[in-house]
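**Student:** my questions concern the predicted model and sequence given below.
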Amino acid sequence: MGATRVIETLVLSLLLFLSGSSATQRQKTRAGPRLPCKQMVFYFHDILYNGENAKNATSAIVGAPAWGNRTILAGQNHFGNVVVFDDPITLDNNLHSIPVGRAQGFYLYDRKDYFTAWLGFSFFFNSTQYRGTIIFAGADTLNKTRDISVIGGTGDFFMARGIATLTTDAVEGDVYSRLQVYIKLFECW
Amino acid sequence: MGATRVIETLVLSLLLFLSGSSATQRQKTRAGPRLPCKQMVFYFHDILYNGENAKNATSAIVGAPAWGNRTILAGQNHFGNVVVFDDPITLDNNLHSIPVGRAQGFYLYDRKDYFTAWLGFSFFFNSTQYRGTIIFAGADTLNKTRDISVIGGTGDFFMARGIATLTTDAVEGDVYSRLQVYIKLFECW
Amino acid sequence: MGATRVIETLVLSLLLFLSGSSATQRQKTRAGPRLPCKQMVFYFHDILYNGENAKNATSAIVGAPAWGNRTILAGQNHFGNVVVFDDPITLDNNLHSIPVGRAQGFYLYDRKDYFTAWLGFSFFFNSTQYRGTIIFAGADTLNKTRDISVIGGTGDFFMARGIATLTTDAVEGDVYSRLQVYIKLFECW
């Protein structure tokens, strides 16, 4: 009798605990260490069209403020320039390595007194290793590393969410730049 | 006595199991079949401004590379063209059906040697059927079907996440195109 | 004996309940009241470049349809204009308050017969109060209040998701506008 009562009490507590955790979950406040469910490192290579490199260029200025044009990046930290890109993605930092995918989308320079940019792009994979897309959005800066958001994905990256840490790996003038992208997914389906 | 001990053991196991599943949840790795919590099919109709159809056009070129202009899509698979659109959404594939909403946003052509585009747009609903927005981002290609991401939503689609499968339903020259959008939400609040 | 059996039954029911709730979770249909896990109110201030205010302007037209230019917003509710901005964020509605961050990104006008716009931008914080970014996307309208989506975040806003309610707080001609942004996060890590 006493034992059954103890059971009842414990089971009730558990059920309360469960419904409690379920309520918390609706609000989804998470505590504790953050562990990625998937991690990957890639490099992508951007060659900006400058009027003379039509053959090699992987990106082009497509928008500019009234004081700019579409061949030379505008003054004031390129404020207002919109660039569309289709850059090869490689597993190491060698531009000539076989690409495993394409980084495709746009960035726009959005600060006059300092360099910052807004990025919206996808990693597009169609290889034996990966198939699908990872969608990114966020703010790029001159910091050594900066985090942008992984806001979605398809195929192998179905419903992905997470963070991508960008590191500038090389810059050559206004034309060539190479970014390291360290992807940490925290939602994997 | 023995029974109470059994209870304690079982309850402890359960609590461990619970905290275990709670830890997994923080990382959110999901296994098993993927079941949409909501599915919908829509069509949207794009009529691109070509210099002569100002009255009917629902979209316009607003960005172009140095070698392009804003009336004719640029060469090299339109690389660098940015298009803003405000397209009617219908429930069937008839352009003249009563629209249930508007597809509004932009796409930009982002590949030279092949057709691909990057899309950022909303479905905007303000009817008796639906009220609110669904936000999309992702990569469009020439594949028969291609998946983009549902990255958010408001109103009836509060906090939505999922996948939208695009199928080109009709193309007439460079001016008219119709897309079928099959939306599968996997997060519904 | 009887007690042990009761325990077994109850524990089994609990495990079934647990696996059941786990299955529901994979599909993530949530019911019940929606409680934000974090709420914040900010203001941001936009001064659009009009050819004469280069010094004060915080935004500039960088894309326009064939019938527009980059100094004056185009006719037909500015359809096709793309604007890049870098606007100060303040805690109150005073343009001259010390900014706590920058609102950076773009908007594009996307409707001919009515005012609507598509927004993609970040709140960028690097102060003692906040460090990190909040990423937004969605549809802006002439409604008194309108909701856009919080699609991601970094730093203090790691993995954030939610809704931001925009209210136009002031408009002075085509140049100055001030938005109140009431952020409600429903996913906090």
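**Tutor:** Done, it's in.

**Student:** next, A:Ala54: phi, psi?
**Tutor:** Dihedral pair for A:Ala54: phi -50, psi -30, per degrees, to the nearest 10.

**Student:** which residue is the nearest non-sequential neighbour of it?
**Tutor:** In this structure, A:Ala54 finds its nearest non-sequential neighbour in B:Trp67, 7.8 Å apart by CB to CB, 6 or more residues apart in numbering or on different chains. Using the backbone N, CA and C atoms, a C-beta is placed for each residue, glycine as well.

**Student:** that neighbour: neighbour count?
**Tutor:** The local packing of B:Trp67 (other CB atoms under 10 Å in any protein chain shown) involves 16 other residues.

**Student:** look up phi and psi at it.
**Tutor:** In terms of degrees, to the nearest 10, the main-chain angles of B:Trp67 are phi -90, psi 10.

**Student:** what residues are up against it?
**Tutor:** For B:Trp67, the contacting residues are A:54, B:74-75, by CB atoms under 8 Å, 6 or more residues apart in numbering or on different chains.

**Student:** quick check: it vs A:Gly153, distance?
**Tutor:** 33 Å (CB to CB, to the nearest Å).

**Student:** go on, A:Asn56?
**Tutor:** In this view, A:Asn56 and A:Gly153 are 30 Å apart by CB to CB.

**Student:** for A:Ala57, same thing?
**Tutor:** Distance of A:Ala57 to A:Gly153, computed by CB to CB: 28 Å.

**Student:** who's more crowded, those two?
**Tutor:** A:Gly153 (27 against 20).

**Student:** wait, the more buried one touches B:Ile148, no?
**Tutor:** No: shown here, A:Gly153 and B:Ile148 do not form a contact pair, counting by CB atoms under 8 Å, at 10.3 Å.

**Student:** residues that sit against both of those two, list them.
**Tutor:** Shared contacts of A:Gly153 and B:Ile148, defined by CB under 8 Å, 6+ apart, comprise A:Thr133.

**Student:** secondary structure element holding whichever residue of chain A sits closest to chain B?
**Tutor:** For chain A and chain B, the shortest gap (CB to the nearest CB) falls at A:Gly152, measuring 2.8 Å. Secondary structure assignment for A:Gly152, by DSSP states H and E: strand A:145-155.

**Student:** partner strands of that strand, parallel or antiparallel?
**Tutor:** strand A:131-141 (antiparallel), strand A:161-172 (antiparallel) (DSSP bridges).

**Student:** follow-up on the earlier one: and the residue nearest to A:Ala54, how far is that from A:Asn53?
**Tutor:** 13 Å.

**Student:** ok, A:Gln76 next?
**Tutor:** To A:Asn53, A:Gln76 is 24 Å away according to CB to CB.

**Student:** show me where chain A has strands.
**Tutor:** For chain A, applying DSSP state E gives strands covering A:38-47, A:59-63, A:82-90, A:101-109, A:116-126, A:131-141, A:145-155, A:161-172, A:176-187.

**Student:** not counting sequence-adjacent ones, nearest residue to A:Pro88?
**Tutor:** In space, and not counting its chain neighbours, A:Pro88 is closest to A:Pro99: 3.8 Å by CB to CB, 6+ apart.

**Student:** check A:Ser149 too.
**Tutor:** Nearest non-adjacent residue to A:Ser149, counting by CB to CB, 6+ apart: C:Gly152, 2.8 Å away.

**Student:** residue contacts, that neighbour?
**Tutor:** C:Gly152 touches A:137-138, A:149-151, A:161, C:134-135, C:159-161, counting by CB under 8 Å, 6+ apart.

**Student:** tell me the one of these nearest A:Met40?
**Tutor:** Lowest distance from A:Met40 to the contacts of C:Gly152 (CB to CB) belongs to A:Val150, with 10.6 Å.

**Student:** count the residues that sit near that closest one.
**Tutor:** Other residues within reach of A:Val150, judged by other CB under 10 Å, total 24.

**Student:** the residue nearest to A:Pro88 touches A:Asp86, doesn't it?
**Tutor:** No: A:Pro99 is not in contact with A:Asp86 according to CB under 8 Å; the separation is 10.8 Å.

**Student:** identify the residues contacting the residue nearest the centre of chain A.
**Tutor:** Chain A has A:Phe136 as the residue nearest its centroid, 3.7 Å off, counting by CA atoms, centre = their mean. For A:Phe136, the contact set (CB under 8 Å, 6+ apart) comprises A:105, A:119-123, A:148-151, A:164.
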